[in-house]
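Enquirer: curious how this folds, go ahead:
(one chain, ligands or ions: 1)
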Amino acid sequence: MVYVTYFRCFRCGEKYKPREIENLPIPRCRCGSALDAEYDYNSIKEIILRDDFMRDKPSHWKYWAFMPVKDLSKIITMGEGGTPLLENKRLGSSNSGSSGSGGRLLIKYEAANPTGSFKDRGSSLEVTKAKEFGKQNVALASTGNMGASVAAYSAFAGLECKVFVPDIAGKEKIKQIKAYGAKTIAVDGDYSVAIRQAEEYVVSNSDSFLTGDYPWRSEGTKTVGFEIADQLYWHVPDYVVVPIGNGTLIWSIYEAFRELTLVGITETIPKIVGVQVEKCAPVVDAWENELKEIIPVRNPDTIATAIACGDPIDGLAALKAVRDSGGEALRVSDREALDARDKLARNGIFVEPSGAVAYAGAVKKGLGGTVVVLATGHGLKDMYGIG
Ligand SMILES: [Zn+2]
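Expert: Prediction:
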């Protein structure tokens with residue numbers, strides 16, 4: 001049932017067996033960098049051919065063979081995924097600039113997940129793993145969306161949840177976390193400080209499971225990429241435009257498209273375009289300056305709080321996704337993000353400011369061809385500047 005062959009480090013290339021990773025309180029390479037799972041793609045191919053894979057409706061667990069799960073009867077699911085891929089000609093009008101007419105702009109509306117953000121995909125797998133490992137509670141650092149998501153899935157699974165919240169987190173999101181019955185711990189510092197505290201907590205509490213942007217989450221988040229290809233009848237778009245916070249989402253989408261080529265469903269990978277806000281753009285800086293490391297931004301000050309990750313855990317992975325796909329990284333201002341939020345909302349698609357950053361980037365760049373833009377979190381989560 002599990003087709004993971006090994007986990008490999010992004011920075012130093014060291015390989016780990018799945019069992020070695022499962023025993024680590026903080027699932028990360030000895031060198032401190034993030035890990036990526038490699039699978040037995042021949043076994044996955046057989047599953048896809050044997051089942052009604054190509055005919056089944058897109059949904060998160062349709063792609064279970066690409067996730068490290070041991071027992072499908074024990075998964076924790078709240079119906080995540082299967083989110084709409086929306087097309088509205090008015091939203092695409094300003095983006096046909098570079099390629100003339102014939103371009104398509106589609107919005108992958110991740111706000112339609114159970115807690116209102118794409119985070120539910122990763123949470124579903126993480127909480128499944130927490131149960132599999134027999135843990136009593138889960139802990140994480142979050143600026144809000146991941147905290148609300150993990151809180152919901154933990155509550156659904158009957159696990160306790162502790163969320164370390166940095167000072168930048170929005171009040172409404174903290175309320176959402178509390179509504180699910182999770183405990184919030186206010187951290188005096190930014191998101192990086194909150195991560196350190198959550199990790200320290202799990203290291204000293206062996207019945208606790210660390211959730212966050214570690215391998216389980218990125219493996220679960222891949223399903224957004226599978227769904228995009230599936231919803232386009234397995235045609236690969238020219239561009240996928242993704243906001244970068246910790247970098248996990250953009251990496252997972254790249255990885256999904258790469259794995260589809262490895263099992264022979266598709267032949268190419270879309271150009272992956274990463275977008276950050278000007279006041280917190282460490283990955284864009286690294287891309288522009290051709291750096292090998294990410295230089296952290298301390299105490300980022302932006303209205304796009306959900307992606308204000310100054311020291312992104314998966315920053316190197318994000319950079320690799322952009323570079324290896326032939327894409328690019330670009331920045332937008334807070335103002336451009338808010339204008340994009342308003343334009344989407346006035347066409348019926350309500351997202352929070354961070355959730356509009358990718359659309360802002362696509363408009364700014366005037367990308368042509370088939371462009372898929374990630375809209376990551378619901379507008380009700382952060383109504384900055386409305387009313
Ligand atoms: Zn390493």
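Enquirer: quick one, phi psi at A256?
Expert: phi -60, psi -50 (degrees, to the nearest 10).
Enquirer: which non-adjacent residue is nearest it?
Expert: Nearest residue to A256, sequence neighbours excluded (CB to CB, 6 or more residues apart in numbering): G225, at 2.6 Å. Where C-beta positions appear, they are placed from N, C-alpha and C, glycine not excepted.
Enquirer: packing partners of the strand or helix carrying the one you found?
Expert: According to DSSP states H and E, G225 maps onto helix 223-231. Under the contact definition 3 or more CB pairs under 8 Å, 6 or more residues apart in numbering; DSSP states H and E, helix 223-231 sits against strand 85-87, strand 104-109, helix 248-262.
Enquirer: how about stretch 122-141 as CSV, C-alpha atoms only?
Expert: Output of stretch 122-141 as CSV, limited to C-alpha atoms (Å, rounded to 0.1, in the frame of the first residue of the first chain):
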residue,chain,number,x,y,z
GLY,A,122,-2.1,18.6,3.8
SER,A,123,-4.0,18.4,7.1
SER,A,124,-6.0,15.4,6.0
LEU,A,125,-2.8,13.4,5.4
GLU,A,126,-1.0,14.8,8.5
VAL,A,127,-3.7,13.9,10.9
THR,A,128,-4.0,10.5,9.2
LYS,A,129,-0.3,10.0,10.0
ALA,A,130,-0.7,11.3,13.6
LYS,A,131,-3.4,8.6,14.2
GLU,A,132,-1.3,6.0,12.4
PHE,A,133,1.7,6.8,14.7
GLY,A,134,-0.7,6.6,17.8
LYS,A,135,-0.2,10.2,18.8
GLN,A,136,-2.5,11.9,21.3
ASN,A,137,-2.2,15.5,20.2
VAL,A,138,-0.8,17.6,17.4
ALA,A,139,1.2,20.9,17.5
LEU,A,140,2.1,23.5,15.0
ALA,A,141,3.0,27.1,14.3
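Enquirer: so how far is the first residue of stretch 153-173 from its last?
Expert: By CA to CA, to the nearest Å, the extent of stretch 153-173 from end to end equals 16 Å.
Enquirer: let me fix that: stretch 152-169
Expert: Distance between the two ends of stretch 152-169: 18 Å, counting by CA to CA.
Enquirer: what residues sit buried inside that stretch?
Expert: Within stretch 152-169, the residues that qualify as buried are 152-157, 159-166, 168-169, counting by 16 or more other CB atoms under 10 Å.
Enquirer: now swap in stretch 27-40 and tell me
Expert: Neighbour-count burial for stretch 27-40 flags P27, R28, C29, S33, A34, L35, D36, A37, Y39 (criterion: 16+ other CB under 10 Å).
Enquirer: confidence score at D52?
Expert: pLDDT, D52: 85.
Enquirer: give me the phi and psi for K162.
Expert: The phi/psi pair for K162 (degrees, to the nearest 10) is phi -120, psi 130.
Enquirer: quick check: closest non-adjacent residue to it.
Expert: A139 (4.4 Å).
Enquirer: make sure the one you found is indeed in a helix.
Expert: No - counting by DSSP: H, G, I helix; E, B strand; the rest coil, A139 is not part of a helix but strand.
Enquirer: list the contacts of it.
Expert: The contact partners of A139, taken as CB atoms under 8 Å, 6 or more residues apart in numbering, are C161, K162, V163, F164, A198, Y201, V202, N205, S208, F209, L210, T211.
Enquirer: which parts of the stretch 51-200 of the chain sit against the ion?
Expert: Within the stretch 51-200 of the chain, no position is near the ion by CB under 5 Å from the ion.
Enquirer: host element of the residue lying closest to I250 once chain neighbours are set aside?
Expert: Leaving aside its chain neighbours, I250 sits nearest to V242 (4.2 Å; criterion: CB to CB, 6+ apart). Assessed by DSSP H and E, V242 sits inside strand 239-243.
Enquirer: so what strands line up beside that strand?
Expert: Sheet pairing of strand 239-243 (DSSP bridges) gives strand 271-277 (parallel), strand 370-375 (parallel).
Enquirer: tell me how far that strand lies from the chain's centre.
Expert: 12 Å (CA atoms, centre = their mean, to the nearest Å).
Enquirer: and what of stretch 372-387?
Expert: Mean C-alpha position of stretch 372-387 versus that of the full chain (CA atoms, centre = their mean) differs by 16 Å.
Enquirer: just the terminal-to-terminal distance for it.
Expert: OK, stretch 372-387 end separation, CA to CA: 30 Å.
Enquirer: what about F164, is that helix, strand or coil?
Expert: Reduced to three states by three-state DSSP, F164 is strand.
Enquirer: quick check: pLDDT value at D167.
Expert: Here, the pLDDT recorded for D167 equals 84.
Enquirer: for E267, see how far away the spatially most central residue of the chain is.
Expert: Centroid-nearest residue in the chain, with CA atoms, centre = their mean: L249, separated by 2.7 Å. Going from L249 to E267 by CB to CB, to the nearest Å gives 24 Å.
Enquirer: as a check, name the ranges of all helices in the protein.
Expert: 18-22, 41-50, 89-92, 119-132, 145-157, 171-179, 191-203, 215-221, 223-231, 248-262, 282-288, 315-324, 334-345, 357-365 (DSSP state H).
Enquirer: can I get the ones you listed in JSON lines including distance to I272?
Expert: JSON lines is the format used below for the helices of the chain (distance: least, CB to CB, whole Å):
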{"stretch": "helix 18-22", "distance to I272": "25"}
{"stretch": "helix 41-50", "distance to I272": "21"}
{"stretch": "helix 89-92", "distance to I272": "19"}
{"stretch": "helix 119-132", "distance to I272": "18"}
{"stretch": "helix 145-157", "distance to I272": "21"}
{"stretch": "helix 171-179", "distance to I272": "27"}
{"stretch": "helix 191-203", "distance to I272": "23"}
{"stretch": "helix 215-221", "distance to I272": "14"}
{"stretch": "helix 223-231", "distance to I272": "10"}
{"stretch": "helix 248-262", "distance to I272": "5"}
{"stretch": "helix 282-288", "distance to I272": "11"}
{"stretch": "helix 315-324", "distance to I272": "5"}
{"stretch": "helix 334-345", "distance to I272": "19"}
{"stretch": "helix 357-365", "distance to I272": "11"}
